[in-house]
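Enquirer: Let's see this in three dimensions:
(one chain, ligands or ions: 2)
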Amino acid sequence: MNEIQSRMHALQQLLERYNTEYYLHDEPSVPDAEYDRLMNELRELEAANPQWLDVNSPTQRVGGVALTSFGSVQHEQPMLSLDNVFNAEDLAAFGRRVQERLLSNDAITFCCEPKLDGLAVSILYEQGELVRAATRGDGVTGEDITRNVRTIRVIPLRLSGDNIPARIEVRGEVFMPKAGFERWNEQALVRGDKVFANPRNAAAGSLRQLDPAITAQRPLAFYAYAIGVVDEATELPDSHYARMQYLKQFGLPVCDEIRQVVGVEGCQIYHDDILAKRDALPFEIDGVVFKVDTIAQQQMLGFVSRAPRWAVAHKFPAQEELTRLNDVEFQVGRTGAITPVARLEPVQVGGVTVSNATLHNADEITRLGVKIGDWVVVRRAGDVIPQIVNVVLDRRDASCRDIDFPERCPVCDSQVERLPGEAVARCSGGLYCAAQRKEALKHFVSRRAMDIDGIGDKLIEQLVDHELVHTPADLFALTKAQLLGLERMGEKSADKLLNALQSARETTFARFLFALGIREIGETTAQTLAQHFSDLPALQDASVETLLKVSDVGEVMAKHIYYFFRQEHNLEVIQRLLAPISEGGAGISWQPVARVAVDALPLNGKTLVLTGTLSQLNRDAAKQALQALGAKVAGSVSAKTDLVIAGEAAGSKLEKAQQLGVPVWGEDELVALLQDPTGIVLPVKP
Ligand SMILES: NC(=O)c1ccc[n+]([C@@H]2O[C@H](COP(=O)([O-])OP(=O)(O)OC[C@H]3O[C@@H](n4cnc5c(N)ncnc54)[C@H](O)[C@@H]3O)[C@@H](O)[C@H]2O)c1
Ligand SMILES: [Zn+2]
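Expert: Ligands and ions are numbered 1, 2, ... in the order given. Model prediction:
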């Protein structure tokens, strides 16, 4: 064998293997673009060296093989593939070939359709009943998937309308619409199931299931695009377009984007239009298909071994490509989530250069089994962030190395925390980490936290961007001169702000705790914790076991709290917040919470609901005061509610309370209760 022969041989073997992965296992290891390149290379070698052409070459055959575990179906008319063009020149050449073969100078009408990315099926109807469905297989023999196809809701089991042919074979594409694909994958990630690489593999993998009950759960759809055999008595319309309308009247779904155009110029315009709306279409397409519309002309043109001469697929830029993973960097989001980002050897995907892709989290890295230096398939569809779909394992070499997930935050060096059962790893330096700074500050000043009036999100952005504030403690060191240097900050607002900061120094332990922004610690938990520990040192020193003893504090919360107070950086910030002004601190202080045993609280175990408008009390304040007395304040009335407090214009909740016989108080009674909670007697339910 010479060099060319051995290259041809190698290409044949490689393509053969890729065919098996793609058609038989619905799990390709290389992107279509790579497959197409290799296929083209082989075609060119065969064209230049016809003496070495092998009749069994993958270039000579229609794709797949039928899996023997399904019954087999002999196609009465072969199911062929399509020739491809990738640009306007090749399309023009196709137009010229058609014109020449038809010996015609007249403009030719083409029928244009999206090229759906799923798999071809043949569905046979007899006396209007669906009797058999098959895959394309190798074009001659397909797999019997009748029971699977029956589960696809959009495919009629019985045709409707008049003049139904005695026998008709409908051909079309089974596919998974984008929405269904995305939803399916999201749920699969949560369940820990296998995610599909792309909608085409999803459709093929779902349809070719030995258990049709599995197919039934998958969001599959179908569009018809051809007619196979029909009984002799049936006369079909004489153009492809009219035939598609004919199928529609029997209740068969046909794509709305189908159009008739004149000449390859019309085809090119159609191509450009569909390409422009590719991302907005509800289904995945990998190109458009042009078919000579007149059936008589189709018959004159005929077929070559694997494809008709009267049709061509104009492929779009590939959405998947092959490239190398050069490195992995870890980014810290504004809430501390740490995301591995793949740095790729730049590659064109879907018409743009891609050099980064997300790896989501540590689980995804494990699932992919990817290493730095690997060849990977990247996918970029629409404006979704590029993803790594799979690793091409047989291209892995000894230089590849493992990806180490960092144990410390790459931005602030705090410990990285990953709780069991959670996919996301996070930086635990919430108060200190530069990546989380803005979010932490916005939360810190918010109304329910430190309640610092006059500091909005915009101002926080400015303060951080001007490097005036790094941690919450810096807020309290701001000077009037610094504030006046900011955009749109007048004398008056600056004074107001400084006053607000001054009065925020005196706060409550619960508010302060909530303001720290410890993960999952909301307002209510902060109050419970304040009540339970009465002051900061006790809480700071608490072990996970001690924290778990607090009502409503579960494993996850306890660990978040524990981690938070183990971070040197967080402690430094807290220390500065609490140090007296004379020592350069922010001077924040509060009255220690009187420590009361929980079961001694007057409203312990009671569930209250606040509804309507309160005129003397602020609703949040009332809620907090009730919680401090041990009550649970719920959002809706049920049989478990002990008391409803109804302000003015109370509506459905009040009605519900009356229906259920839950006692109702007015605002005055609430005020009296809060003034002297010790001697209260709650009304008893009848
Ligand atoms: N990645 C891999 O390893 C791998 C392996 C094998 C094949 N492939 C991909 O598959 C392609 C070859 O597959 P193929 O032989 O099925 O050809 P094809 O997908 O290029 O075109 C033919 C198919 O297009 C589909 N189609 C969609 N809309 C249609 C319409 N409106 N009218 C007619 N047909 C329509 C039908 O299923 C038909 O069988 C390759 O170009 C490659 O991209 C990839
Ligand atoms: Zn950090």
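Enquirer: Excluding sequence neighbours, find me the nearest residue to G118.
Expert: In space, and not counting its chain neighbours, G118 is closest to F175: 3.0 Å by Cβ to Cβ, 6 or more residues apart in numbering. Backbone N, C-alpha and C define where each C-beta goes, glycine included.
Enquirer: Low-confidence bits of the stretch 301-450 of the chain, can you list those?
Expert: When residues are selected by pLDDT under 70, none of them lie in the stretch 301-450 of the chain.
Enquirer: what's the closest non-adjacent residue to G647?
Expert: Excluding the flanking residues, the one nearest G647 by Cβ to Cβ, 6+ apart is G612, at 3.4 Å.
Enquirer: ok now do the one you found, which residues does it touch?
Expert: By Cβ atoms under 8 Å, 6 or more residues apart in numbering, the contact set of G612 is A646, G647, E648, A649, A650, G651, L654.
Enquirer: ok, now with 6 Å
Expert: Taking Cβ atoms under 6 Å, 6 or more residues apart in numbering as the criterion, G612 is in contact with A646, G647, E648, A649, A650.
Enquirer: tell me the phi and psi of it?
Expert: phi 80, psi -180 (degrees, to the nearest 10).
Enquirer: how about the contacts of G612, which pair is most distant?
Expert: With Cβ to Cβ as the measure, no two of the contacts of G612 lie farther apart than A646 and A649, at 9.2 Å.
Enquirer: quick one, which of these two is more surrounded?
Expert: Between A646 and A649, counted using other Cβ atoms under 10 Å, A646 has the larger neighbour count: 22 against 9.
Enquirer: Return the distance of the more buried one relative to Q624.
Expert: 19 Å (Cβ to Cβ, to the nearest Å).
Enquirer: Just give me the neighbour total for the closest residue to ligand 2 within the stretch 151-300 of the chain.
Expert: With Cβ to the ion, the shortest gap between the stretch 151-300 of the chain and ligand 2 falls at L189, namely 25.3 Å. L189: 17 surrounding residues under other Cβ under 10 Å.
Enquirer: Where does it fall, secondary structure wise?
Expert: Remark: L189 resides in helix 178-191, with elements defined by DSSP states H and E.
Enquirer: repeat for V376
Expert: strand 375-379.
Enquirer: and for that strand, what are the contacting residues?
Expert: Identification of contacts with strand 375-379 by Cβ under 6 Å, 6+ apart yields 31, 319-321, 323-325, 349, 354, 357, 386-392, 395.
Enquirer: Would you list the buried entries among those?
Expert: 31, 319-321, 323-325, 349, 354, 357, 386-392 (16 or more other Cβ atoms under 10 Å).
Enquirer: out of these, who's near ligand 1?
Expert: Counting by Cβ under 6 Å from any ligand atom, P31 from the buried ones among the contacts of strand 375-379 sit close to ligand 1.
Enquirer: can you pull the contacts of the residue in the stretch 501-650 of the chain positioned nearest to ligand 2?
Expert: Relative to ligand 2, the nearest point of the stretch 501-650 of the chain is H569 (8.4 Å; Cβ to the ion). By Cβ under 6 Å, 6+ apart, the residues touching H569 are S414, G429, Y432.
Enquirer: what's the nearest residue to it if we skip its chain neighbours?
Expert: Y432 (3.6 Å).
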